[in-house]
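Chemist: Build me a model:
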Amino acid sequence: MKKSLGLLSLVFFLLHSVAAAKDWKVIRFGVDASYAPFESKSPSGDLVGFDIDLGKALCAKLGAKCVWVENDFDGMIPALQARKIDGVLSSMAVTEKRKRQIDFTDLLFVTPTRMVAKTGSNLQPTPESLKGKTVGVEQGTVQEIYAKTYWEPKGVNLVSYQNQDQVYADLRSGRLDASLQDEVQAQKGFLSTPQGQGFAFAGPEVEDNEILGTGAAIGLRKSDQDLRNALNQALKEIRQDGTYQALEKKYFDFDITPK
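Modeler: Numbering: from 1, shown residues only. Here you go, the predicted model:
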């Protein structure tokens, strides 16, 4: 009797596993379209950027259709857990704190964090230099967590915004003394544009692996190991066939590949 029950349990488990396995012909990626050159909108309203092209390349390898779901960055993990999206493909840094909530693919790219301020401001990314100053960050980012952890308790005024475009708008208007964000995003999405004239990087890169993470990857539900494995295999293949490198050269004149 015990053997029969055990066999029935095994059969039930296998049937349940097969039924639960998802056919990933459509993958819904959450994206915050205010973070050029990784993700933004073209004048015609289309989503463009490195992450967008990368997602399309991964979906092509899997024979799947990419569906882009726009969302504020601080709502990405809740949307993922609520099954409104299947993955976060929006320059999300891998951190130990986030790994307690969700899973990640292998790293997509590695880019540092930098502060931006008016040219000649002489500001440094330290609490001593920024005391009494006002710094803008995007909600839900590792940069916001870093600034709240190390700067705000020491007298730095921190303002969080729903998206990066709002940060730059207040930086330009003079409401902010500085902003903290991804270095590549700041260079390509702001400093190299007409809106970024008169601003520059202030101080060196900000380093803190525990808070700022070790690189960016696709955020996934812990239960979707099949999707994680499939995306990792597709990522490996586009690196092997040169697709990744071609996309990288399209947007950057330097290497962002994880070492």
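
Chemist: Can you spell out the domain ranges of the chain, please?
Modeler: 23-110+214-251, 113-212 (automatic domain parsing).

Chemist: Identify whichever of the ones you listed lies nearest to residue 259.
Modeler: domain 23-110+214-251 (7.3 Å; C-beta to C-beta). Using the backbone N, CA and C atoms, a C-beta is placed for each residue, glycine as well.

Chemist: Name the next helix or strand downstream of the worst-scoring helix or strand of the chain on mean pLDDT, please.
Modeler: Using mean pLDDT, DSSP states H and E, helix 2-20 stands out as the lowest-scoring helix or strand of the chain, at a mean of 40. Remark: after helix 2-20, the chain's next helix or strand is strand 26-31, criterion DSSP states H and E.

Chemist: The next helix or strand after that next one pairs with which strands, parallel or anti?
Modeler: The element immediately downstream of strand 26-31 (helix or strand, assigned by DSSP H and E) is strand 40-41. Strand pairing for strand 40-41, determined by DSSP bridges: strand 47-48 (antiparallel).

Chemist: Run through who's touching the partner strand.
Modeler: 31, 33, 39-42, 68, 70 (C-beta atoms under 8 Å, 6 or more residues apart in numbering).

Chemist: on that earlier part again, output the domains of the chain as JSON lines; include the columns distance to residue 257 and mean pLDDT.
Modeler: JSON lines is the format used below for the domains of the chain (distance: least, C-beta to C-beta, whole Å; pLDDT from 0 to 100):
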{"stretch": "domain 23-110+214-251", "distance to residue 257": "7", "mean pLDDT": "97"}
{"stretch": "domain 113-212", "distance to residue 257": "13", "mean pLDDT": "97"}
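
Chemist: Among those domains, which comes closest to residue 258?
Modeler: domain 23-110+214-251 (4.1 Å).

Chemist: Please name the bridge partners of residue 115.
Modeler: Beta bridges link residue 115 to residue 180 when assigned by DSSP bridges.

Chemist: what's the spacing between it and residue 148?
Modeler: 15 Å (C-beta to C-beta, to the nearest Å).

Chemist: So which of these two has more stuff around it?
Modeler: Taking other C-beta atoms under 10 Å, residue 115 and residue 148 do not tie; residue 115 has more neighbours (27 against 15).

Chemist: Contact partners for that one?
Modeler: Per C-beta under 8 Å, 6+ apart, neighbours of residue 115: 123, 125, 135, 178-180, 201-203, 206.

Chemist: Select from those residues every entry located in helices.
Modeler: Among the contacts of residue 115, no member falls in helices (criterion: DSSP state H).

Chemist: Work out for me the element residue 230 sits within.
Modeler: Here residue 230 is assigned to helix 225-240, by DSSP H and E.

Chemist: For that helix, buried residues please.
Modeler: 227-228, 230-232, 234-235, 238 (16 or more other C-beta atoms under 10 Å).

Chemist: and what of stretch 38-51?
Modeler: 38-40, 47-51.

Chemist: Extract the C-alpha trace of it and format it as PDB.
Modeler: Extracted in PDB, the C-alpha atoms of stretch 38-51 (Å, rounded to 0.1, in the frame of the first residue of the first chain):
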ATOM      1  CA  PHE A  38      19.400  51.600 -21.900                       C
ATOM      2  CA  GLU A  39      15.700  52.300 -22.400                       C
ATOM      3  CA  SER A  40      13.800  55.400 -23.500                       C
ATOM      4  CA  LYS A  41      11.300  56.500 -26.100                       C
ATOM      5  CA  SER A  42      12.000  57.700 -29.600                       C
ATOM      6  CA  PRO A  43      10.300  60.900 -30.900                       C
ATOM      7  CA  SER A  44       7.700  58.500 -32.500                       C
ATOM      8  CA  GLY A  45       7.000  57.000 -29.100                       C
ATOM      9  CA  ASP A  46       8.700  53.600 -29.700                       C
ATOM     10  CA  LEU A  47      10.800  52.000 -27.000                       C
ATOM     11  CA  VAL A  48      14.500  52.100 -27.900                       C
ATOM     12  CA  GLY A  49      17.800  51.400 -26.200                       C
ATOM     13  CA  PHE A  50      20.400  48.800 -25.400                       C
ATOM     14  CA  ASP A  51      18.100  46.800 -23.000                       C
END
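
Chemist: I am finished for the moment; much appreciated.
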